[in-house]
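[1] quick one, structure for this:
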Amino acid sequence: MLAEAYASPFADWDNFYVIVGSSAGALTGLQFVVMALVAEFRPPGNTSEVNAFGTPTVVNFSATLLVSAILAAPWHRLGSAGAALAVCGALGCVYSGIVITRARHTTYRPTVDDWIWYVILPLIAYLDLLVAALWLQRSPGPALFAIAGAALVLIFAGIRNAWDTVVYIALPRDDQKARSERKA
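    Down below sits the predicted model:
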């Protein structure tokens, strides 16, 4: 009787988070495949680029999976779900600071696109998640849309970044061309 009387604001979002969470899980697995391919094409050595650009993609996919799991859990209080989401958003903001530091200390010089997709958009998504989580109890409708937006930004940034990694590995760069020409 009590369960029937209590209508969770998360119930309308079930399908959304099943889709987003499943996608995040599958894309995390694909990122591992991408990294295995990287290992075949690159000699072992400096991992600073992987830490700056590969790891954040996995972290962002994993954060999206975590958000989906949090919102799929059978919460009885919005405040509890909000607290879990706020922690996720706050940790994402801290991690974005780590990504900035790592990206600045690589031998590869990030382009404007790299800064936007690897740092700025994920940071905005984590800030959005944090603020929306804090507002969840006061205004669940708009907060849930903001949380969904953050999840989608992390997924789309991750897809773009995984593709960027593949292109970076697959296409010859000037430094690789120069080394190949010197050997010939």
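
[2] what packs against the longest helix along the chain?
    Identified as the longest helix of the chain according to DSSP state H is helix 140-170. Packing partners of helix 140-170 (3 or more C-beta pairs under 8 Å, 6 or more residues apart in numbering; DSSP states H and E): helix 14-41, helix 55-72, helix 78-104, helix 121-135. Backbone N, C-alpha and C define where each C-beta goes, glycine included.

[3] and stretch 125-135, which residues are buried?
    Ala125, Tyr126, Leu127, Asp128, Leu129, Leu130, Val131, Ala132, Ala133, Trp135 (16 or more other C-beta atoms under 10 Å).

[4] just how off-centre is that stretch within its chain?
    The offset between the C-alpha centroid of stretch 125-135 and the centroid of the whole chain comes to 14 Å, using C-alpha atoms, centre = their mean, to the nearest Å.

[5] any idea of the pLDDT on the spatially most central residue of the chain?
    The structure's the chain has its C-alpha centroid closest to Asn60; by C-alpha atoms, centre = their mean the separation is 1.7 Å. Predicted confidence (pLDDT) for Asn60: 91.

[6] same question for the one 4 residues further on.
    We have a pLDDT of 91 for Thr64.

[7] likewise for Leu134?
    Model confidence at Leu134, given as pLDDT, is 96.

[8] hmm, it is touching Gly82, no?
    Yes - with the criterion set as C-beta atoms under 8 Å, Leu134 and Gly82 qualify as a contacting pair; they are 6.7 Å apart.

[9] what number of residues lie near Asp114?
    Using other C-beta atoms under 10 Å as the criterion, Asp114 is surrounded by 18 other residues.

[10] what does Val99 give?
    Every residue meeting other C-beta under 10 Å relative to Val99 is counted, giving 20.

[11] need the contact list for it.
    Contact analysis of Val99 by C-beta atoms under 8 Å, 6 or more residues apart in numbering lists Ala52, Pro56, Tyr118, Val119, Pro122.
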